[in-house]
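Student: I need the structure of the sequence given here:
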Amino acid sequence: MKAIVLTGFGGVENLRFRELPVPGIAADEVLVEVKAFSINPVDVKTRNGKGIAGRLKDFDPIIPGWDISGIVKQAGQSVTVFKPGDEVFGMINFPGHGKAYAQYVAAPAAHLAVKPGNISHTEAAAATLAALTALQDLRDALDIQRGDKLLVHAAAGGVGHFAVQIAKHLGAEVIGTASSANKDFVSGLGADRFVDYRLQPLPDVISNVDKVLDTIGGDNIELSLQLMKPGGTILSIVSGKNDQVQEKAAAKGMTGLTLMVHSSGEDQAKIARLMEQGIVKPHVYKTYAFDEIAEAHNQVESGRTAGKVVVTV
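Tutor: Next up, the predicted model:
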């Protein structure tokens, strides 16, 4: 099979094409013929030696990626939920070795869900890590309740655009920040208010926020704390830029949280149902061919992507 391997941590030139054997599967796994996979900021960070590079450095070869959509070709002996021919999608083995950048992937059945019939493989691949992050953050960490006033930073991004849609479904009042170029996009997601973070200081236009989903980290944590109610909660998801969120929030009488997304077929099935019902729709910013992996990484690394970048296989 064709696969993309990471020959060393650094630039996109280290993403190389290789012919590798089709992987075997364990009793609890399925062999998936991959039709599409998506690229996340953590893919780029890991390629650069950050992210979860430390967890992968001893593997040889390293096949990057976690987000797939495809067709089951073979099911392990103990798998009862999927059969050959089923169309499935999911985030595989995160935060471990997902091996998604390949024509075939051995995937734990417990990490997959049936792809909705009204969603393409390209869209399904986009609704994996980013969608699961938004769901788990809003439900498990921020505990979004009807009437909560939620601020979503970078609301046009991969996680952000799912978070706006899911939060509205949960009954929150949502404020989304982005650049003015994405105003219509963010408003179209259902945000109650759009704020261009570049036009004026956010404390001049945002206040009394109950909860914040911070996808930026660093100085944005201190800025967010100025916009929150006493006793509010901020969740910061940026690895390496959020290590002090708990202390900074506590110093102001607020709650600071971090949370790493985890693979879950059960949660992926919840995303599938939301997409099937038209409540959540993934936005694919651009699709690349398998041999355009470098261009796909460069696009995500640019920080100028609305929604998701997907590679077709």
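Student: check the separation of the first and last residues in stretch 68-82.
Tutor: Using C-alpha to C-alpha, to the nearest Å, the end-to-end distance of stretch 68-82 comes out at 16 Å.
Student: domains in this protein, by residue range?
Tutor: 2-127+282-312, 130-257 (automatic domain parsing).
Student: for the stretch 1-150 of the chain, just list every one of the strands.
Tutor: 2-6, 15-19, 29-39, 67-75, 87-91, 104-108, 112-114, 149-152 (DSSP state E, counting those that start in this stretch).
Student: which strands and helices lie in contact with the fourth one?
Tutor: Okay, so that is strand 67-75. Strand 67-75 is packed against strand 29-39, strand 87-91, strand 104-108, helix 121-126, with contacts defined by 3 or more C-beta pairs under 8 Å, 6 or more residues apart in numbering; DSSP states H and E. Any C-beta I mention is one placed from the backbone N, CA and C, and that applies to glycine too.
Student: what's the answer for the third one, then?
Tutor: When contacts are defined as 3+ C-beta pairs under 8 Å, 6+ apart, strand 29-39 packs onto strand 67-75, strand 104-108, helix 121-126, helix 293-301, strand 308-312.
Student: now it: mean pLDDT?
Tutor: Regarding strand 29-39, the rounded mean pLDDT is 98.
Student: in that strand, which residues are buried?
Tutor: 29-39 (16 or more other C-beta atoms under 10 Å).
Student: that one: partners in the sheet, and parallel or antiparallel?
Tutor: Taking DSSP bridges as the criterion, strand 29-39 sits next to strand 67-75 (antiparallel), strand 104-108 (antiparallel), strand 308-312 (antiparallel) in its sheet.
Student: now do it and helix 293-301, the angle between them.
Tutor: Interaxial angle, strand 29-39 versus helix 293-301 (axes from the mean of the first three to the mean of the last three C-alpha atoms, to 10 degrees): 60 degrees.
Student: off-centre distance for strand 29-39?
Tutor: 16 Å (C-alpha atoms, centre = their mean, to the nearest Å).
Student: now the angle from that strand to strand 2-6?
Tutor: 60 degrees.
Student: need the CA coordinates for strand 29-39. PDB is fine.
Tutor: C-alpha atoms of strand 29-39 as PDB (Å, rounded to 0.1, in the frame of the first residue of the first chain):
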ATOM      1  CA  GLU A  29      -9.700  -4.100  15.100                       C
ATOM      2  CA  VAL A  30     -10.900  -3.600  11.600                       C
ATOM      3  CA  LEU A  31      -9.000  -3.000   8.400                       C
ATOM      4  CA  VAL A  32     -10.200   0.200   6.800                       C
ATOM      5  CA  GLU A  33      -9.600   1.200   3.200                       C
ATOM      6  CA  VAL A  34      -9.100   4.900   3.700                       C
ATOM      7  CA  LYS A  35     -10.900   7.300   1.400                       C
ATOM      8  CA  ALA A  36     -10.000  10.500   3.100                       C
ATOM      9  CA  PHE A  37      -8.100  11.800   6.100                       C
ATOM     10  CA  SER A  38      -7.900  15.300   7.600                       C
ATOM     11  CA  ILE A  39      -5.000  17.500   8.800                       C
END
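Student: still on that earlier bit, of the helices and strands packed on strand 29-39, which approaches residue 96 most closely?
Tutor: Smallest distance to residue 96 across the helices and strands packed on strand 29-39 (C-beta to C-beta): 10.2 Å, for strand 104-108.
Student: average pLDDT across that closest one?
Tutor: If you average the pLDDT over strand 104-108, you get 98.
Student: and residue 229, how close does it get to residue 222?
Tutor: 16 Å (C-beta to C-beta, to the nearest Å).
Student: again, but for residue 139
Tutor: 26 Å.
Student: before we move on, what about residue 113?
Tutor: Taken as C-beta to C-beta, the span from residue 113 to residue 222 is 38 Å.
Student: can you check residue 178 too?
Tutor: 20 Å.
Student: over to residue 239?
Tutor: 18 Å.
Student: cool, residue 211 as well?
Tutor: Distance, residue 211 to residue 222, by C-beta to C-beta: 17 Å.
Student: who has more neighbours out of the two?
Tutor: Taking other C-beta atoms under 10 Å, residue 211 and residue 222 do not tie; residue 211 has more neighbours (25 against 13).
Student: hang on, that one packs against residue 153?
Tutor: No - look at residue 211 against residue 153 with C-beta atoms under 8 Å: they stay out of range, at 11.9 Å.
Student: could I get the helices and strands packed on strand 29-39 as a markdown table with mean neighbour count and distance to residue 275?
Tutor: What follows is the helices and strands packed on strand 29-39, written out as a markdown table (neighbours: other C-beta atoms under 10 Å; distance: least, C-beta to C-beta, whole Å):
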| stretch | mean neighbour count | distance to residue 275 |
| --- | --- | --- |
| strand 67-75 | 23 | 12 |
| strand 104-108 | 24 | 19 |
| helix 121-126 | 27 | 8 |
| helix 293-301 | 19 | 22 |
| strand 308-312 | 24 | 13 |
